[in-house]
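Participant: Provided below for reference: sequence and predicted model.
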Amino acid sequence: MGIVTEKWNIAFRDEVGYRNTDAPYTALPGDRDGWYADPFLFEKDGTLYLFAEYFSYRTGKGSIVVFRYDRDMRTFTDRREVLSQPFHLSYPQVFQRSKSIFMLPETAEAEALILYRAVRFPDEWREEKVLCAGGKLVDATLLPGGGAAAQLLSKDGSSKAFIMLSREEDELRFTQSSLRALDRSRPGGAFFTEDGVVVGTAQDCSQTYGGALEFYDFATGKTMFTLSPGNIRVDAERAKILGVHTYNRVGGVEVIDYKTETVSLSRIVRRVSSLLKGN
């Protein structure tokens with residue numbers, strides 16, 4: 001076991017468009033005990049919130065945290081953990097249905113897709129229902145519009161899910177379909193509309209996990225732009241950017257996550273302890 005480990009980071013900027021590779025992002029302040037990834041934005045009553053995975057080095061699993069955006073200071077603040085389970089949580093897509101606010105995080109480690117409802121937004125969530133049991137669906141993402149849902153299975157057998165909230169019923173339904181031809185792709189953020197085009201985001205994991213983000217026309221499946229790690233600029237980031245796998249935009253702000261490498265203090269401690277014990 002080496003002392004170098006990967007670290008995911010979140011960065012944000014005023015919305016200038018996903019194709020813009022000149023305007024730099026600002027990194028969210030890091031945490032020595034873990035890292036942040038999978039940023040999703042949700043706006044309520046004029047306040048913008050950032051939901052994200054927080055991966056703890058101590059527990060080896062992710063929980064869901066929220067930040068509030070201070071528009072005057074132009075930064076995210078007031079970090080709080082809002083959902084933790086015995087299993088790993090990530091990819092916290094938050095959405096509203098009628099007067100209720102829901103969260104659909106990745107819960108693949110529990111071998112179920114679990115929907116949560118806000119009891120007191122944004123701090124308190126309760127399990128609403130198990131949408132799908134017995135499978136490891138990762139990065140479930142709401143499709144735009146109304147209708148059926150689609151499940152995409154990769155060649156290596158792991159499951160990725162695009163799902164849709166029916167307009168007729170407050171339910172999430174699955175049908176099997178083929179939406180993306182990109183080998184080993186998985187969703188990389190919420191759908192959004194730009195110039196009348198519904199844009200989807202997919203992770204290109206064909207070479208490595210989080211190798212790039214592909215933005216594609218949902219109607220045609222045609223790739224419109226590829227964001228590679230080498231095209232990302234983050235102010236004051238000295239480490240080489242090695243990966244990217246989530247993009248979202250809401251309320252005039254856009255967010256990404258990106259991968260770097262860091263020296264793990266916990267691994268150093270374990271290595272020194274092992275040496276002292278003669279192992």
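Facilitator: Good, I have the coordinates. Numbers count the residues shown, from 1 in each chain.

Participant: OK, contacts around Phe102?
Facilitator: Contacts for Phe102 (C-beta atoms under 8 Å, 6 or more residues apart in numbering) come out as 94-96, 115-118, 128. In short, each C-beta sits where N, CA and C put it, glycine included.

Participant: swap in Lys240?
Facilitator: Listed by C-beta under 8 Å, 6+ apart, the contact set of Lys240 reads 260-261.

Participant: if we can go back for a sec, looking at the contacts of Phe102, which is nearest Arg233?
Facilitator: Using C-beta to C-beta, Val94 comes nearest to Arg233 of those, at 27.5 Å.

Participant: neighbours around that closest one, how many?
Facilitator: By other C-beta atoms under 10 Å, 24 other residues sit near Val94.

Participant: name the element it belongs to?
Facilitator: Val94 belongs to strand 90-97 when assigned by DSSP states H and E.

Participant: Starting from that strand, tell me which strands it pairs with and how they run.
Facilitator: Paired neighbours of strand 90-97 in the sheet (DSSP bridges): strand 100-106 (antiparallel).

Participant: Return the set of buried residues in the following helix or strand past the partner strand.
Facilitator: Using DSSP H and E, the helix or strand that directly follows strand 100-106 along the chain is strand 112-120. By 16 or more other C-beta atoms under 10 Å, the buried positions in strand 112-120 come out as 112-118.

Participant: Could you do stretch 86-104 as well?
Facilitator: For stretch 86-104, the neighbour count (16+ other C-beta under 10 Å) marks 88-94, 101-104 as buried.

Participant: can you tell me which residues contact Asn248?
Facilitator: Counting by C-beta under 8 Å, 6+ apart, Asn248 touches 39-41, 189-190, 192, 254-255.

Participant: among those residues, who's most crowded?
Facilitator: Among the contacts of Asn248, Gly189 has the most neighbours (other C-beta under 10 Å), with 30 neighbours.

Participant: Secondary structure element holding the residue nearest in space to the middle of the chain?
Facilitator: Among the residues of the chain, the one closest to the centroid is Asp38, at 2.3 Å (C-alpha atoms, centre = their mean). Here Asp38 sits within strand 34-44, counting by DSSP H and E.

Participant: Next, the angle from that strand to strand 90-97.
Facilitator: Angular relation of strand 34-44 and strand 90-97 on a 0 to 180 degree scale: 10 degrees, by axes from the mean of the first three to the mean of the last three C-alpha atoms, to 10 degrees.

Participant: got the angle for the strand holding Val94 vs strand 112-120?
Facilitator: Here strand 90-97 points in a direction 60 degrees away from that of strand 112-120 (the same axes, to 10 degrees).

Participant: pLDDT on strand 90-97, on average?
Facilitator: For strand 90-97, the mean pLDDT works out to 93.

Participant: Now do the helices in this protein.
Facilitator: For the chain, the helices defined by DSSP state H cover 265-276.

Participant: Noted, bye for now.
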